[in-house]
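# Fold the following.
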Amino acid sequence: MTLQSFHRRVIGEGAPVWARPVRTVLAGVSRIYGAVVRARNARFDAGIGVARVKAPVICIGNLTVGGTGKTPIVVDVVRRLSADGLRPAVILRGYGAVGGGESDEQQLIRRVCRGVVCVADKDRVRGARTAIEHHATDVLVLDDGFQHRRLGRDLDLVLIDATCPLGFERLIPRGLLREPVEGLRRAHALIVTRTDEVGPEVLTALRERLTELCRDMPVVQTRHCAVGLSHLDGAPAADDVRGRRVFAFAGIGNPESFRTTLTHLGAEIAGIRWLRDHARYSPGVVRAILRAASAAGADLLTTTEKDAVKLGAYADEFENRLRVVRIEIEYVGDGAAVLEGLIRRTLRSRCAAGEGNPIVESAQ
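Sure thing, here's the model as predicted:
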């Protein structure tokens, strides 16, 4: 059961009677958590403990736990910066990395953005300085850093998943919010993802709510689009999944979105196996997936790019039956131009502050 499905079942409308005491306990914990978060935010709002580094920082984050489709946005922004002749570096925490290895997100970004520096460090300030001092980067992309406020930033882009937009508007663990919804007002722009997976009435209600919270803030709408299939080694696959029985598995924050993508591609879902976000694959897990796929009568197995980077050691076990769905971001309307304009203005502003040098350090 995913976080979202748990909250819909236990906390959402129509929750069973037995869930009432659970909701009461979770609400109490949420109040304590909320008090801590508000005190922490007040400290950073006053500028206490914020460190600035010698390069512009573009933060891509979200307000909720669970997957908002962040990695394709990070990849898109990195590609735009590289296309402009800049040397971007991605700074991330490295969730799920084991024994000094790379996390799934780090491996994926390296695979699809060849040559781009990725620095994983729980201390994002230290990671940023490492990128600048040792990799000659001139712009930083802070992955999942909206709440990591110790590192100062020049542009805050906050992602909102249209399929579960504001985390039931309750703080964790009662809801999915990492901080109160008012925190959105710190952002410079909001990016609504997966808009094609909800109806027009949902989008209308979401736009109205965002206008209430963040009047006049730019709101960009996007879709996650499947652009093809590949083999486990990254080579393009000539076939497709339309009309075929597939067994889907993934360890991502919002696996139901992956199921929706497969349905849109015309696949017949023979079975699914969802793992926790950033899950590691072991021989036992892979064997269990293969047995389940066989029992379901699946023609193919499918997974995400983020999972695929962790499965290279099991290529022989899958016997060329695994297809990886490649996802890219598509902007709705003038969304791409709005984002491009925000990035360019941010870099120009930092350049002006440094009298022509975009790599300047603000007073700490």
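# all strands in the stretch 151-300 of the chain, in order from the N-terminus.
Taking DSSP state E, counting those that start in this stretch to define them, one finds strands in the stretch 151-300 of the chain at 155-161, 189-193, 219-230, 245-250, 268-274, 300-304.
# Out of those strands, which gets nearest to residue 344?
Comparing the strands of the stretch 151-300 of the chain against residue 344 with CB to CB, the closest turns out to be strand 155-161 (10.5 Å). The C-beta positions use only the backbone N, C-alpha and C, and glycine is treated the same way.
# and that closest one, average pLDDT?
For strand 155-161, mean pLDDT rounds to 97.
# Please apply the same query to stretch 95-104.
For stretch 95-104, the mean per-residue pLDDT is 70.
# End to end on that stretch, go ahead and measure it.
8 Å (CA to CA, to the nearest Å).
# what sits against residue 179?
Applying CB atoms under 8 Å, 6 or more residues apart in numbering, we find residue 179 in contact with 37, 41, 63, 147, 171.
# quick one: it from residue 35, how far?
Per CB to CB, to the nearest Å, residue 179 is found 12 Å from residue 35.
# Could I get the strands of the stretch 151-300 of the chain in TSV, plus columns for distance to residue 101?
Shown next, in TSV, are the strands of the stretch 151-300 of the chain (distance: least, CB to CB, whole Å):
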stretch	distance to residue 101
strand 155-161	26
strand 189-193	28
strand 219-230	22
strand 245-250	20
strand 268-274	23
strand 300-304	19
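# got the ones you listed as JSON lines, with mean neighbour count and distance to residue 29 columns?
Below are the strands of the stretch 151-300 of the chain laid out as JSON lines (neighbours: other CB atoms under 10 Å; distance: least, CB to CB, whole Å):
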{"stretch": "strand 155-161", "mean neighbour count": "24", "distance to residue 29": "23"}
{"stretch": "strand 189-193", "mean neighbour count": "23", "distance to residue 29": "28"}
{"stretch": "strand 219-230", "mean neighbour count": "18", "distance to residue 29": "32"}
{"stretch": "strand 245-250", "mean neighbour count": "24", "distance to residue 29": "29"}
{"stretch": "strand 268-274", "mean neighbour count": "17", "distance to residue 29": "25"}
{"stretch": "strand 300-304", "mean neighbour count": "24", "distance to residue 29": "32"}
